[in-house]
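Chemist: just need the structure, nothing else, for what follows:
(one chain, ligands or ions: 3)
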Amino acid sequence: MKYFIRTYGCQMNERDSEALGAALEKAGFLPGSEEDSDLLLFNTCSVRDAAERKAKGKIGYIRKLKQKNPNLIIGVTGCMAQRLGEELLKELPHLDFVLGTGQMQRLVPLVNEIAADRRRRVETEPSVEVLESMGDHDAAPSWHGQIAITRGCNRFCSYCIVPYVRGREISRTKGSIITEAKELVAKGVKEIMLLGQNVAAYGLNGDTRPPVSGHSPFAELLEEMNEIPGLLRIRFTSPYVSYFNDRLIDALKNCSKVCHNVHLPLQSGSNRILKAMNRQYTAESYLAKVDEIRAAIPDVTFSTDVIVGFPGEEESDFLMTREVMNKVGFEQAYVFKYSPRPGALSALLADSIPDAVKEERNQILLGDLKERVVQKLKSLKGETVEVLLEGVSARNAARWSGRTSTSFVVHFEPDANCCPGTLRKVRITQVNTVSLFGELHPE
Ligand code: SAH
Ligand code: SF4
Ligand code: F3S
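Modeler: Ligands and ions are numbered 1, 2, ... in the order given. Next up is the predicted model:
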């Protein structure tokens with residue numbers, strides 16, 4: 001039997017898809033395409049209405065495949081599966097099963113049961129079993145691997161559906177994470193990204209108070225990861241700003257493999273809006289944290305997530321977001337137009353900002369970002385940087401690309417020694433508005 005998985009949403013979902021695919025392959029399935037597979041999985045996202053609509057549209061569209069192959073099994077997993085459950089079976093008559101976020105480990109037995117009796121099923125009961133049983137990886141991974149260190153979220157930001165669809169935050173044991181990391185390295189992985197909705201809450205046992213000064217189980221995990229022979233780089237996403245304490249900053253500073261790039265979601269620069277979002281920090285404390293991290297790691301770069309058009313966001317609130325963003329000077333920012341999510345608290349408020357205003361604010365922030373990034377890229381001209389080689393450039397097959405620890409991508413002409421997943425030095429010789437070009441140092 002062949003399988004195909006289409007993934008929507010965040011890196012946690014990408015990672016789940018990898019684990020689902022690996023579990024299927026262990027059970028004898030082979031990877032196929034959307035057209036020739038006997039099992040089609042849609043691993044979905046609920047974070048914004050558009051994400052759900054896109055997945056539903058696609059699932060509706062593939063109905064015709066079932067007419068061609070009556071044995072085809074179609075399933076929905078992930079956050080939309082968890083949120084809508086039974087409703088999806090009613091809405092999509094050609095759907096065979098809906099498997100929730102806490103039941104992903106049930107995929108293989110469930111598919112076998114459906115193949116045997118062709119009965120439709122919904123399994124969305126939460127379970128903690130999923131935590132340690134979703135550790136399978138691709139048999140032959142690239143130089144980059146991802147490890148989920150927590151599942152779920154306890155923060156309940158008022159706009160966000162994640163705590164409802166992914167359940168309470170639970171952390172894996174340090175031992176199982178380190179074992180998984182070592183297995184990845186043994187398969188040739190050189191860079192590992194640690195994943196969680198709030199990675200800095202790792203090991204806090206669901207306590208919703210940020211860790212006290214001097215205490216950070218996540219920092220301890222980073223330090224242990226840093227000792228793994230053969231691993232070259234460690235990244236993580238995302239830490240919640242108020243959990244980013246002194247102990248974690250020390251770990252960042254002392255662990256040579258931890259990259260100098262921090263994804264630090266801001267969401268808004270207006271304290272009034274942050275409060276309405278139930279984000280437990282202010283614009284001032286956010287900026288102070290950025291300064292503290294920069295003081296310890298001078299070349300650190302930041303990226304962020306921002307929501308525009310939260311209910312009641314006045315022009316003045318938006319301008320505060322714009323100001324904070326420009327003060328930090330993010331190297332990358334993901335700007336989202338507010339989307340009310342039924343079930344999340346803010347959905348009780350009127351979605352008061354017209355879409356055109358949301359769009360305008362979105363464009364303004366992206367315009368600022370572009371301007372800042374151009375300036376930053378220009379300032380790198382002439383510098384020699386270390387990059388982890390990623391392989392042939394996506395847009396020009398004659399070039400290779402590599403990424404700096406600070407997450408800048410550099411393109412260059414390869415030499416005979418180029419191998420993905422190795423560290424090389426490159427001198428930046430040319431800068432255009434979006435890209436850096438350089439010359440490889442001979443080895
Ligand atoms: N746990 C991560 C965020 C996961 S969701 C964190 O807190 O860092 C990714 C991003 O989607 C969020 O940071 C937020 O900017 C955006 N988002 C979440 N809910 C949203 C909504 N209802 N409308 C628009 N954007 C939303
Ligand atoms: Fe959502 Fe907030 Fe949790 Fe991030 S921290 S997943 S935005 S509730
Ligand atoms: Fe979407 Fe679920 Fe991730 S809602 S953003 S796929 S945790």
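
Chemist: list the buried residues in the host helix or strand of residue 109.
Modeler: Assigned by DSSP states H and E, residue 109 belongs to helix 107-117. Across helix 107-117, burial judged by 16 or more other Cβ atoms under 10 Å covers 107, 110-111, 114. In short, each C-beta sits where N, CA and C put it, glycine included.

Chemist: helices and strands around the next helix or strand after it, which ones?
Modeler: Downstream of helix 107-117, the first helix or strand assigned by DSSP H and E is strand 121-123. If you count contacts as 3 or more Cβ pairs under 8 Å, 6 or more residues apart in numbering; DSSP states H and E, strand 121-123 packs onto strand 97-99, helix 107-117.

Chemist: residues in contact with the last one: which ones?
Modeler: In other words, helix 107-117. 1, 20, 23-24, 26-27, 39, 41, 71, 73, 75, 77, 96-97, 99, 119-121, 123 (Cβ atoms under 8 Å, 6 or more residues apart in numbering).

Chemist: the same query, at a cut-off of 7 Å, please.
Modeler: The list of residues contacting helix 107-117 from outside it, by Cβ atoms under 7 Å, 6 or more residues apart in numbering, reads 20, 23-24, 27, 39, 73, 96-97, 99, 121, 123.

Chemist: Three-state assignment for the closest residue to residue 34 other than its chain neighbours, please.
Modeler: Counting by Cβ to Cβ, 6 or more residues apart in numbering, residue 34 lies nearest to residue 4, which is 5.1 Å off, once chain neighbours are set aside. When classified by DSSP: H, G, I helix; E, B strand; the rest coil, residue 4 comes out as strand.

Chemist: thought residue 4 was touching residue 35?
Modeler: No - using Cβ atoms under 7 Å, residue 4 is not in contact with residue 35; the gap is 8.5 Å.

Chemist: neighbour count: those two, which is higher?
Modeler: Set residue 4 next to residue 35 and count neighbours by other Cβ atoms under 10 Å: residue 4 wins out with 17 against 11.

Chemist: who are the contact partners of that one?
Modeler: Counting by Cβ under 7 Å, 6+ apart, residue 4 has contacts 32-34, 37, 40.

Chemist: what about 8 Å?
Modeler: Neighbours of residue 4 in contact, by Cβ under 8 Å, 6+ apart: 31-34, 37, 39-41.

Chemist: and the protein, what are its domain boundaries?
Modeler: In terms of domains, the chain is parsed into 2-127, 140-259, 262-379, 384-440 (source: automatic domain parsing).

Chemist: start to end distance for the shortest one?
Modeler: The reference is to domain 384-440. The first residue of domain 384-440 is 9 Å away from its last residue (Cα to Cα, to the nearest Å).

Chemist: where do the strands sit along the stretch 101-250 of the chain?
Modeler: Taking DSSP state E, counting those that start in this stretch as the test, the strands found in the stretch 101-250 of the chain are 121-123, 144-148, 150-151, 170-171, 191-195, 233-237.

Chemist: just those strands: most buried one?
Modeler: Highest mean neighbour count of the strands of the stretch 101-250 of the chain: strand 150-151, a mean of 26 (counted as mean count of other Cβ atoms under 10 Å).

Chemist: partner strands of that one, with direction?
Modeler: Note on strand 150-151: by DSSP bridges, its sheet partners are strand 170-171 (antiparallel).

Chemist: indicate the residue of the stretch 251-400 of the chain located nearest to ligand 2.
Modeler: residue 265 (6.7 Å; Cβ to the nearest ligand atom).

Chemist: count of neighbours near that residue?
Modeler: Using other Cβ under 10 Å, residue 265 is surrounded by 20 other residues.

Chemist: follow-up on the earlier one: which residues does the residue nearest to residue 34 bridge with?
Modeler: Applying DSSP bridges, one finds that residue 4 bridges with residue 40.

Chemist: with the buried residues of helix 107-117 in mind, which one is nearest to ligand 2?
Modeler: Lowest distance from ligand 2 to the buried residues of helix 107-117 (Cβ to the nearest ligand atom) belongs to residue 107, with 23.6 Å.

Chemist: how near is residue 148 to ligand 3?
Modeler: 11 Å (Cβ to the nearest ligand atom, to the nearest Å).

Chemist: looks like that residue contacts residue 136 (just checking).
Modeler: No - the pair residue 148 and residue 136 does not pass the contact test of Cβ atoms under 8 Å, sitting 11.6 Å apart.

Chemist: pull up the residues of the stretch 1-150 of the chain that are close to ligand 3.
Modeler: Residues of the stretch 1-150 of the chain that fall close to ligand 3, judged by Cβ under 6 Å from any ligand atom: 9-10, 12-13, 45-47, 78-79.

Chemist: how close does residue 224 get to residue 173?
Modeler: 12 Å (Cβ to Cβ, to the nearest Å).

Chemist: do the same with residue 246
Modeler: Between residue 246 and residue 173 the distance, using Cβ to Cβ, works out to 25 Å.

Chemist: more neighbours, those two?
Modeler: residue 246 (16 against 12).

Chemist: dump the residue contacts of the more buried one.
Modeler: 213-214, 292 are the contacts of residue 246 under Cβ under 8 Å, 6+ apart.

Chemist: repeat that for 7 Å
Modeler: 213-214.

Chemist: next one, pLDDT for it please.
Modeler: pLDDT recorded at residue 246 is 98.

Chemist: and if you look at the one 3 residues further on?
Modeler: With respect to pLDDT, residue 249 has a value of 98.

Chemist: could you do residue 75 as well?
Modeler: So, for residue 75, pLDDT stands at 98.

Chemist: which residues of the chain lie near ligand 1?
Modeler: Going by Cβ under 6 Å from any ligand atom, the residues of the chain near ligand 1 are 10, 47-48, 153, 159-160, 162, 197-198, 238, 240, 265, 267, 305, 307, 336, 338-339, 341.

Chemist: now with 8 Å, please.
Modeler: 10, 47-48, 153, 155, 157, 159-162, 196-198, 237-240, 263, 265, 267, 305-307, 334, 336-341, 344, 346 (Cβ under 8 Å from any ligand atom).

Chemist: and those residues, which of them are buried?
Modeler: Buried subset of the residues of the chain next to ligand 1 (neighbour count, 16+ other Cβ under 10 Å): 10, 47-48, 153, 155, 157, 159-162, 196-198, 237-240, 263, 265, 267, 306-307, 336-341, 344, 346.

Chemist: now, those residues that are in helices?
Modeler: Secondary structure defined by DSSP state H assigns residue 162 of these to helices.

Chemist: how far is the helix holding residue 109 from where the chain is centred?
Modeler: Relative to its parent chain, helix 107-117 has a centroid offset of 30 Å by Cα atoms, centre = their mean, to the nearest Å.

Chemist: where does the stretch 251-400 of the chain dip in pLDDT?
Modeler: Along the stretch 251-400 of the chain, the model assigns pLDDT under 70 to no residue.

Chemist: run through the residues of it sitting next to ligand 2.
Modeler: 265, 267, 278-279, 305.
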